[in-house]
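>>> need a structure here:
(chains A and B)
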There are 2 protein chains.
Amino acid sequence: MSDKKYVIIAAGGHGTRMQSEVPKQFLMLAGLPIIVHTIQLFENVWNDAHFIVVLPEGELIRWEKIKKKFLKKNKIQATCGGATRFHSVRNGLKLVKDEGIIAVQDACRPLTSEKLLTKCLEEVIEKKVVIPVVELNDSIREILKDGSRNRNRVKYKAVQTPQCFYASILKNAYRQTFMEAFTDDASVVEAAGYRIHLVDGEPGNFKITTPYDMMLAETIINK
Amino acid sequence: MSDKKYVIIAAGGHGTRMQSEVPKQFLMLAGLPIIVHTIQLFENVWNDAHFIVVLPEGELIRWEKIKKKFLKKNKIQATCGGATRFHSVRNGLKLVKDEGIIAVQDACRPLTSEKLLTKCLEEVIEKKVVIPVVELNDSIREILKDGSRNRNRVKYKAVQTPQCFYASILKNAYRQTFMEAFTDDASVVEAAGYRIHLVDGEPGNFKITTPYDMMLAETIINK
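Here you go, the predicted model:
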C-alpha cells in the first residue's frame, strides 16, 4: 500500500430540511462556510492529503468562489454528485488514482475533534475499515408495512464520519449496484463482504441537518 | 372513561453523561431548573392536569426546594424512581387512582412545542396510544455478539415524548415483568399487545443528555 492520503468531502446534498435555498454545506457558520470548516479540520491533521469535494449538480460556480475566497490550497479537486450519497461518493472515487487511505467526511460535520480524526486515521492502517459510532439518545422503532415495532436501542449505534478505508477496499465496494440501504460508506463496504471496525465517536461530532443543529454549531464554535 | 388528566414527569435518571453531580433535570437552564420548564409546558396547555414527578432516590429535599421556589401549584405529587425508567414510571403509576389520560414526559425534554403537546393530547382520545417520532439523522448499525451490521435508517424512527395513553392501558401494560428492551413507555405498552399510533414529532423536541444539548437548549430559549 502506498501512503497516499485522500479526503472525500461528501457535499452532494441539497439539505431540504434546512429550509434554505443555498445547500446547507455552503451556509455561513461563525464567519466561514460549513464546508470550509470541515476541510480545515483535515488540513490541520493530514496536511499532505489530496482533497476531493463532491458537489451538488449546478453548484460548481458557488464552490469555486468559496474556494478562491476561503481556501488557499490548490490540491482540492471538485466533481459533481448524483442522486444519493452513494452516487456522490462513487463519483468522487473516480478521482482516486492510487493506492492509499481514503477518509470520507460529511461536508456538514464540521465539529469532528482533532483527537477523533487522528484516532480514525491511525487505526485504519491496521484495521483497514474504521468508522466512529455513538450511542442513541432516544428509543427507536422500526417502521413496518402495517405499523411499527420497538427495537432495543442499546443494541444500536449511530454512525458518524470520518469513515476511513484502504482505497482498494472502498473502490472495490463501490463497484456494487446501488441499494436503498446504502446510506453511508460502511454499509456499502459491508455489503461487499468486508468487516467494519468501530471506534467511539463523539456526541459533539454531529451532522448539521436542521436549523437547530446550525444554532448549536454556532454556539459551540463561538465558545 | 373519565376525563381526568395525568402528567407523569420521568425524572428518575442520574444523568451520568452530563458530567455533573446534580442530576441534569435539576440543572439551571435560562434561569429555571430544566424540570420546571418541562412542567410549565404542560401547565400551559393542560392546566387542570394532575402532575406526578418521579425523582431519583435521595433527591426529595432538592425537589421540594425547587417546587417551593419555582412552582406555585400544589397538585404536584412526588415519588421516587427505581433502577430504570420502567421502574420509575411504574412507581409513578401507583399514584394514578382514576381512569383518564396519562401523558408521560421526560423531565429533560423541556422544548416540546405547544402545538405538538396539543396534537398528542387530542389524538390520544381517539387512538388510545400516541407517541411522537422523528426521522434519524445518522445511519445506524446493530451491535451483534461478534461485530455489527448496517440497518437501513429510513426504516427507523427516533421516539420522543410526550407518550400519551388511556390510563387503563398504561397501568395494565406496567403489570408486566421488566425486560431490557423497555426503554420507553411505548415499548412496554406494545409488549402488552396494544397498537402504537405514531405522530410526527419535532427535531427541536430533543432530550437534554450531553453538555452539547444543554448549550443548544440555552441558545434556543434565549432566542
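
>>> which other helices and strands contact the worst-scoring helix or strand of chain A on mean pLDDT?
Lowest by mean pLDDT, DSSP states H and E among the helices and strands of chain A is helix A:211-222, with a mean of 91. Counting contacts by 3 or more Cβ pairs under 8 Å, 6 or more residues apart in numbering or on different chains; DSSP states H and E, helix A:211-222 packs against strand A:28-29, helix B:211-222. C-beta here means a position set from N, CA and C on the backbone, and glycine is covered the same way.

>>> residue ranges with poor pLDDT in chain A?
Within chain A, the stretches with pLDDT under 70 are A:1-2, A:15-19, A:73-74.

>>> please enumerate the strands of it.
With strands called from DSSP state E, chain A shows them at A:5-10, A:28-29, A:32-33, A:50-55, A:76-80, A:101-106, A:129-135, A:140-144, A:147-151, A:156-159, A:163-166, A:197-200.

>>> hang on, the earlier thing: so which of the helices and strands packed on helix A:211-222 gets nearest A:Ile52?
Nearest to A:Ile52 among those is strand A:28-29 (21.8 Å), distances taken as Cβ to Cβ.

>>> could you check how far the residue of chain A most remote from its centre is from B:Ile221?
Farthest-out residue of chain A from its mean C-alpha position, per Cα atoms, centre = their mean: A:Asp146, at 33.4 Å. According to Cβ to Cβ, to the nearest Å, A:Asp146 and B:Ile221 sit 40 Å apart.

>>> before we move on, back to that, now the strands of chain A in a markdown table, with distance to chain B?
Putting the strands of chain A into a markdown table (distance: least, Cβ to the nearest Cβ, whole Å) gives the following:
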| stretch | distance to chain B |
| --- | --- |
| strand A:5-10 | 12 |
| strand A:28-29 | 14 |
| strand A:32-33 | 19 |
| strand A:50-55 | 17 |
| strand A:76-80 | 23 |
| strand A:101-106 | 9 |
| strand A:129-135 | 6 |
| strand A:140-144 | 5 |
| strand A:147-151 | 4 |
| strand A:156-159 | 4 |
| strand A:163-166 | 10 |
| strand A:197-200 | 6 |
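
>>> and these: which comes nearest B:Glu64?
Nearest to B:Glu64, of the strands of chain A and by Cβ to Cβ, is strand A:129-135 at 33.1 Å.

>>> on contacts alone, who are the packing partners of the closest one?
For strand A:129-135, the contact count by 3+ Cβ pairs under 8 Å, 6+ apart identifies helix A:114-127, strand A:156-159, strand A:163-166, helix A:185-191, strand A:197-200 as packing neighbours.

>>> okay, now the sheet partners of the last one, with direction.
For strand A:197-200, the paired strands and their directions (DSSP bridges) read strand A:129-135 (parallel).

>>> the partner strand relative to strand B:147-151, how many degrees between them?
80 degrees (axes from the mean of the first three to the mean of the last three Cα atoms, to 10 degrees).

>>> quick one: strand A:129-135 to chain centroid distance?
Distance, stretch centre to chain centre, for strand A:129-135: 12 Å (Cα atoms, centre = their mean, to the nearest Å).

>>> okay, angle between it and strand B:140-144 too, please.
Going by the same axes, to 10 degrees, strand A:129-135 makes 90 degrees with strand B:140-144.

>>> buried residues, strand A:129-135. List them.
Using 16 or more other Cβ atoms under 10 Å in any protein chain shown as the test for burial, strand A:129-135 gives A:129-134.

>>> kindly report the same for stretch A:185-195.
Buried, per 16+ other Cβ under 10 Å, within stretch A:185-195: A:185-191, A:194.

>>> do stretch A:69-86 as well
Buried-residue list, stretch A:69-86, by 16+ other Cβ under 10 Å: A:71, A:76, A:78-82, A:85-86.

>>> check stretch A:89-101 too.
A:89-93, A:95-96, A:100-101.

>>> same check, this time on stretch A:7-23
A:7-15, A:18, A:23.

>>> hmm, back to that, could you dump the strands of chain A into CSV with distance to B:His50 added?
Below are the strands of chain A laid out as CSV (distance: least, Cβ to Cβ, whole Å):
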stretch, distance to B:His50
strand A:5-10, 50
strand A:28-29, 45
strand A:32-33, 51
strand A:50-55, 55
strand A:76-80, 59
strand A:101-106, 46
strand A:129-135, 34
strand A:140-144, 29
strand A:147-151, 28
strand A:156-159, 35
strand A:163-166, 49
strand A:197-200, 43
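
>>> ok, A:Ile131 - contacts?
A:120, A:159-161, A:163-164, A:184-186, A:196-199 (Cβ atoms under 8 Å, 6 or more residues apart in numbering or on different chains).

>>> for B:Ala107, see how far away it is.
Counting by Cβ to Cβ, the gap from A:Ile131 to B:Ala107 is 33 Å.

>>> just how off-centre is stretch A:124-134 within its chain?
For stretch A:124-134, the distance to the chain centre is 14 Å (Cα atoms, centre = their mean).

>>> send the alpha carbons of it over as CSV?
Provided in CSV are the C-alpha atoms of stretch A:124-134 (Å, rounded to 0.1, in the frame of the first residue of the first chain):
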residue,chain,number,x,y,z
VAL,A,124,-7.4,2.4,9.7
ILE,A,125,-3.8,1.5,8.9
GLU,A,126,-4.1,-1.7,10.9
LYS,A,127,-7.9,-2.3,10.7
LYS,A,128,-8.5,-1.3,7.0
VAL,A,129,-12.1,-0.1,7.6
VAL,A,130,-12.8,2.2,10.6
ILE,A,131,-15.9,4.3,11.4
PRO,A,132,-16.9,6.3,14.6
VAL,A,133,-20.1,5.4,16.3
VAL,A,134,-22.1,6.8,19.3
